[in-house]
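K.L.:
Based on what follows, work out the 3D shape:
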Amino acid sequence: MENRTVLIDICGTLFDSNTTLDFLDFLLCSRSYRLLRRMARSLPWRAFNRGFRRLTGRDPTREMLLRHLRGYTRQELATAAEAFYETCLVARIRPRLQEIVAEVKAAGYEPCLASATLDCIARTVARRWGIGRCCASELDYDGDRCTGRLRRDLQGRQPEYPQEGGNPPPLSLTLTRERPEMPPLRPSERGVLVAPRKRAAPGRRDPGKNRITRYQILCCN
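P.N.:
A predicted model of the protein is given here:
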């Protein structure tokens, strides 16, 4: 039986946004947070963070920034995610991706959001786009208060979610942003890579090296 699941990323795909960082910038305004953001943008720190991620799979910048969510309630974060969507994300929607999602739904396929963004953001996007299934990095709570940590981090693990939900590969289609390793495309029959026009020169990356044979590159501003 054909697997009619369509796996859809959020950051850099549906939106021209790193939604986690943009959400934190939208919500947080403390001096300590601003100083940390400034440090995180410096070239030496970015080089360290990139190397640490390659070696350990952990993102120190992300972990330190998320600690500033400590003390927020679930409802406060859910409300903030709604305001963030209206204030910031609406202006960053990629119209062609919105059309593709509508076409997928009209053809009877089941869209499924799988993103490393925060769960409060992913749920808001799913509701606004009429998508019934979503999975994202889950914030940890002590009672009703966020601990500033992740209970489950989906970064680099998006392909695992459909299998957990009883949808073994190959999936029908994956929509994701262009990246060197492109792991989310591997369990899919077809893939659409969303790439900025300035990085879309032919041959810059070869998805075929990752055993991806049926794909197209969709250039977006």
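K.L.:
Tell me how far A102 lies from N18.
P.N.:
24 Å (C-beta to C-beta, to the nearest Å). Where C-beta positions appear, they are placed from N, C-alpha and C, glycine not excepted.
K.L.:
try S32
P.N.:
On the measure of C-beta to C-beta, S32 and N18 end up 21 Å apart.
K.L.:
who has more neighbours, these two?
P.N.:
Neighbour tally, S32 and N18, criterion other C-beta atoms under 10 Å: the higher count belongs to N18, 15 against 10.
K.L.:
Could you pull up the residues touching the more buried one?
P.N.:
N18 sits next to 11-12 when contact means C-beta atoms under 8 Å, 6 or more residues apart in numbering.
K.L.:
Over to I131?
P.N.:
Taking C-beta under 8 Å, 6+ apart, we find I131 in contact with 8, 101, 111-113, 125.
K.L.:
the bottom helix or strand of this structure by mean pLDDT?
P.N.:
Using mean pLDDT, DSSP states H and E, helix 160-164 stands out as the lowest-scoring helix or strand of the chain, at a mean of 52.
K.L.:
Direction included, what does the next helix-or-strand element following it pair against?
P.N.:
With elements assigned by DSSP states H and E, the helix or strand that comes after helix 160-164 is strand 171-177. Strand 171-177 has the following strand partners under DSSP bridges: strand 5-8 (parallel), strand 188-196 (parallel).
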